[in-house]
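Visitor: Fold the following, please.
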Amino acid sequence: MDYPLLTTMQLGHVLQSARKLRGLTQAEMGERLALSQKRISALERNPGSITVEQLLGLCSALGLELTIAPRTTPPMAAKGARAPRSKVEW
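Guide: Predicted coordinates:
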């Protein structure tokens, strides 16, 4: 199943759900990734602080893959909401 993510909090929920679905505790996940249980907890609660390396490691340990694809729905701005401003210039 695909999980389109538009916010970091959605990422946290997906990571936590995938971990629990596989019957892993935060401590067990931390052992697999050489991270502490506290760090796994922090990543699930506030995934905005995750590094790309940690995200890819979590995905691998959870049997997930990261895919970046064009949106199939209109961007938030088209619905009247403002998208977060990026500091990166494309």
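Visitor: And the most centrally placed residue in the chain, how close does it get to Ala34?
Guide: Most central in the chain under Cα atoms, centre = their mean is Leu11, positioned 3.1 Å from the mean C-alpha point. Relative to Ala34, Leu11 is positioned 21 Å away (Cβ to Cβ, to the nearest Å). Every C-beta, even on glycine, is put in place using the N, C-alpha and C of the backbone.
Visitor: Extract the CA atoms of the longest helix seen in the chain and return them as PDB.
Guide: Of all the segments of type helix in the chain, defined by DSSP state H, the longest one is helix 8-21. Once non-C-alpha atoms are left out, helix 8-21 reads as follows in PDB (Å, rounded to 0.1, in the frame of the first residue of the first chain):
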ATOM      1  CA  THR A   8       6.600  15.200   8.700                       C
ATOM      2  CA  MET A   9       3.900  14.100  11.300                       C
ATOM      3  CA  GLN A  10       2.400  11.800   8.700                       C
ATOM      4  CA  LEU A  11       5.900  10.300   8.300                       C
ATOM      5  CA  GLY A  12       6.100   9.600  12.000                       C
ATOM      6  CA  HIS A  13       2.800   7.800  12.100                       C
ATOM      7  CA  VAL A  14       3.700   5.700   9.100                       C
ATOM      8  CA  LEU A  15       7.100   4.700  10.700                       C
ATOM      9  CA  GLN A  16       5.500   3.900  14.000                       C
ATOM     10  CA  SER A  17       2.600   1.900  12.400                       C
ATOM     11  CA  ALA A  18       5.100  -0.100  10.200                       C
ATOM     12  CA  ARG A  19       7.300  -0.900  13.300                       C
ATOM     13  CA  LYS A  20       4.300  -2.100  15.300                       C
ATOM     14  CA  LEU A  21       2.900  -4.100  12.400                       C
END
